[in-house]
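>>> give the three-dimensional model of this entry:
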Amino acid sequence: MKLLLTGAGGYTGRGLSEVLAAHHSVRGVDIVEKKTACQEFKVADISNYETCQKIIEGLDALVMCHMAPNPHGYKTPPMSFDINAKGTANLYHAAQEAGIKKVVLISSCGVLVEGKSNRDAQIGVGPYNYGKGLYTLTKIIQECIALDYFKAAQIATAVLRPGWIVYDGELVTKYGEKMERYYSSLLDPRDIGTAALAALALPDLGLESFNIGQHDYSEVNSTTTQARLKWTPTYRFESLPRVDDK
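Down below sits the predicted model:
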């Protein structure tokens, strides 16, 4: 399978590129040149529609991992909407024109309503976690775009909703902060990659959401993930101390 991976040079994208490129031919894309595991890399601005048309040529599926840089990309709407919302819509529309029928969209558990056990949300419908800022809002919009193109063009999409993304072993967040304890929401980007592989392999993928985290991540409903993807995290953050908050 020939894949496009957007945001390939980012914090999360480099882990996905490592996993995806071990199994498929991957064309990585980012706004600046970065070293990745992708067999091919292009510098591209996905907020430009014609650019999106060009970068998906000859591909079978898309893995969307692009996002505006945090935190400065979410202080005002232009950058966050240009990348997260406009870029996603551009790619879906270009995929529709090209006849591409399968997408993996990296969303976030942040879109889910807080304070409910086994919280969940129907793609494009909710209940969604509104009022939490531009990052969450634009992630919700991404899911709404996925719903629209599923209905309009039958583009099957696996929406992956990871928790707190950190590399096991490095244990340093994208903001340069060192992890000092274990949280069940922690997820290594390479495990997002294996979930993406499992979703891409589904012969009957429709429009489906998959909440992904550690086995004890009880704040979200992962029943569908376990049943459909047969996925389990490899990176367990065992070097971090378990702290009982009770």
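
>>> now stretch 14-22: how far from the chain's centre is it?
Shown here is stretch 14-22, whose average C-alpha point lies 13 Å from the average C-alpha point of the whole chain (CA atoms, centre = their mean, to the nearest Å).

>>> kindly report the same for stretch 227-240.
Relative to the mean C-alpha coordinate of its chain, stretch 227-240 is positioned 16 Å out (CA atoms, centre = their mean).

>>> quick check: mean pLDDT across that stretch?
For stretch 227-240, the mean per-residue pLDDT is 95.

>>> likewise stretch 39-50?
Stretch 39-50 shows a mean pLDDT of 98 in the predicted model.

>>> dump that stretch to CSV, restricted to CA.
Coordinates of the C-alpha atoms in stretch 39-50 are reproduced here as CSV (Å, rounded to 0.1, in the frame of the first residue of the first chain):
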residue,chain,number,x,y,z
GLN,A,39,10.8,6.3,1.9
GLU,A,40,9.9,9.7,0.3
PHE,A,41,9.6,13.2,1.9
LYS,A,42,8.1,16.4,0.5
VAL,A,43,8.0,19.9,2.0
ALA,A,44,4.4,21.1,1.5
ASP,A,45,1.8,23.5,2.9
ILE,A,46,-1.5,21.6,3.1
SER,A,47,-3.5,24.8,3.5
ASN,A,48,-2.9,25.2,-0.3
TYR,A,49,-5.4,23.0,-2.2
GLU,A,50,-3.4,22.6,-5.4
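
>>> what comes into contact with it?
Stretch 39-50 is contacted from outside by 6, 8-9, 21, 25-34, 51-52, 54-55, 66, 82-83, 86-87, 90-91, 93-94, using CB atoms under 8 Å, 6 or more residues apart in numbering. Glycine gets a C-beta too; all of them are placed from N, C-alpha and C.

>>> just to be sure, which of those are found in helices?
Assigned to helices by DSSP state H, the following of the contacts of stretch 39-50 qualify: 51-52, 54-55, 87, 90-91, 93-94.

>>> PyMOL command to pick out the buried ones of those residues?
Here is the PyMOL command that selects only those of these that count as buried (16 or more other CB atoms under 10 Å):
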select buried, resi 51+52+55+87+90+91+93+94
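
>>> pLDDT (mean, whole number) over stretch 126-141?
Stretch 126-141 carries an average pLDDT of 96.

>>> so where do the strands sit in this protein?
Counting by DSSP state E, residue ranges of the strands within the chain are 2-6, 25-30, 40-43, 61-64, 102-106, 156-162, 164-165, 186-187, 207-212.

>>> alpha carbons of the longest one, as PDB, please.
The reference is to strand 156-162. What follows is strand 156-162, C-alpha atoms only, in PDB (Å, rounded to 0.1, in the frame of the first residue of the first chain):
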ATOM      1  CA  ALA A 156     -13.800   5.300   5.000                       C
ATOM      2  CA  THR A 157     -12.100   6.800   8.000                       C
ATOM      3  CA  ALA A 158     -10.600   5.400  11.200                       C
ATOM      4  CA  VAL A 159     -10.500   8.300  13.700                       C
ATOM      5  CA  LEU A 160      -7.800   7.500  16.300                       C
ATOM      6  CA  ARG A 161      -8.200   9.300  19.600                       C
ATOM      7  CA  PRO A 162      -5.000   9.000  21.600                       C
END
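
>>> and that strand, how far out from the chain middle?
How far strand 156-162 lies from its chain's middle: 7 Å, per CA atoms, centre = their mean.

>>> that one pairs with which strands, and in what direction?
Each strand that pairs with strand 156-162, with its direction, by DSSP bridges: strand 102-106 (parallel), strand 207-212 (parallel).
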